[in-house]
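1. Any chance you can model this:
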Amino acid sequence: ASFTNPSGIIAYIDAPEQKITLPVNAKGLPIPLITVGQYNPELTQISYIGTNYSELGRKIATESNTILGGRGSLSIVNTSSGNNPNYSTLMNSLINSLESYTGITTDISDFTPGQNSLPVEETMKKKLLSRTVDLIICLTTEDTIRAAQIISDSGNMKKTKLIGFGEGETADMYLDKGTITELLSIDPEKIGETAMQELFEYIRYGYANSYITADVRVRKAAVK
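-> The predicted structure follows:
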């Protein structure tokens, strides 16, 4: 990006441990940098627009309680190896928030790498079909689609509700079919709009908001 000599750069960071050299213009001066995605504390950025994972966990817990009407059983699908601090924050916040709903029984379906030799899809299908729960919670797009496929293919899980996270054509299809009860995501259009606003704010006035929390979008399946 430095070679194009822009007035500013908006960069998506997909891993916080990435080593990134601060971009400079033709005169060797730092180019204003706004980042989205994962937060990199080592990077000099004028603004970061990202997710408050603690708040997201509380939001999912609230939605779960609403769907279950304060009573029932749920299973949280976990496929993280534990190396992602954001995922750990989300999981801890969700579990702690669910504990306040005494009428809800919570189980964690662990499918982390190394637990067994079978593919995640097979182990997830076997475990989800082995017991009956009222609600399944998935915290990634991949897990959401896997769980939706299992529910869709099983005749015994038609009444099982599913809260998913993420977006994409496949997830949208399952939401439209009603297989996914609710789909939460971080509003990408709002992030882009906010990033542009902060960049022009910095160019115009010399400052920008250093940290901005992205909005969580909740979409619900149509009642049939």
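2. Flag every buried residue along the longest helix anywhere in the chain.
-> Using DSSP state H, we find that the single longest helix of the chain is helix 188-205. Residues 191, 194-195, 198-199, 202 are the ones in helix 188-205 that count as buried (16 or more other CB atoms under 10 Å). In this view, the C-beta of every residue, glycine as well, is placed from N, C-alpha and C.
3. Closest one to residue 157 out of those residues, please.
-> Sorting those by distance to residue 157 puts residue 191 at the head of the list, at 34.0 Å, by CB to CB.
4. what residue ranges in the chain score low on pLDDT?
-> Applying pLDDT under 70 to the chain picks out residues 16-17, 81-83, 112-118, 223-224.
5. Against which helices or strands is the one helix or strand residue 48 maps to packed?
-> Of the helices and strands defined by DSSP states H and E, residue 48 is found in strand 47-50. With contacts defined as 3 or more CB pairs under 8 Å, 6 or more residues apart in numbering; DSSP states H and E, strand 47-50 has these neighbours: strand 33-37, helix 188-205, strand 211-213.
6. now the ones you listed as JSON lines including distance to residue 57?
-> Compiled in JSON lines, the helices and strands packed on strand 47-50 are given as follows (distance: least, CB to CB, whole Å):
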{"stretch": "strand 33-37", "distance to residue 57": "19"}
{"stretch": "helix 188-205", "distance to residue 57": "19"}
{"stretch": "strand 211-213", "distance to residue 57": "14"}
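7. hang on, residue 89 packs against residue 55?
-> No. Residue 89 lies out of contact with residue 55 (CB atoms under 8 Å); the separation is 10.1 Å.
8. Those two: which is more packed in?
-> Neighbours were tallied for residue 89 and for residue 55 using other CB atoms under 10 Å; the higher tally belongs to residue 89 (16 against 13).
9. quick one: secondary structure of that one?
-> Taking DSSP: H, G, I helix; E, B strand; the rest coil as the rule, one finds residue 89 in the helix state.
10. Setting aside sequence neighbours, what's the nearest residue to it?
-> Counting by CB to CB, 6 or more residues apart in numbering, residue 89 lies nearest to residue 53, which is 4.2 Å off, once chain neighbours are set aside.
11. Need phi/psi at the residue nearest to residue 134 when sequence neighbours are not counted.
-> Of all residues not flanking residue 134 in the chain, residue 72 sits nearest, at 3.8 Å (CB to CB, 6+ apart). Main-chain torsions, residue 72, degrees, to the nearest 10: phi 150, psi -170.
12. which residues does residue 72 contact?
-> Residues in contact with residue 72 (CB atoms under 8 Å, 6 or more residues apart in numbering) are 103-105, 133-135.
13. swap in residue 134?
-> For residue 134, the contact set (CB under 8 Å, 6+ apart) comprises 68, 72-74, 159-161.
14. Throw the residues you listed into TSV and include distance to residue 36, thanks.
-> As requested, those are exported to TSV (distance: CB to CB, whole Å):
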residue	distance to residue 36
68	33
72	36
73	36
74	31
159	38
160	34
161	31
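15. any residues touching the longest helix of the chain, and which ones?
-> With contacts defined as CB under 8 Å, 6+ apart, helix 188-205 is touched by 7-8, 10, 32, 34, 36, 46-47, 49, 167, 207-209, 212, 214-215.
16. Understood, closing this out.
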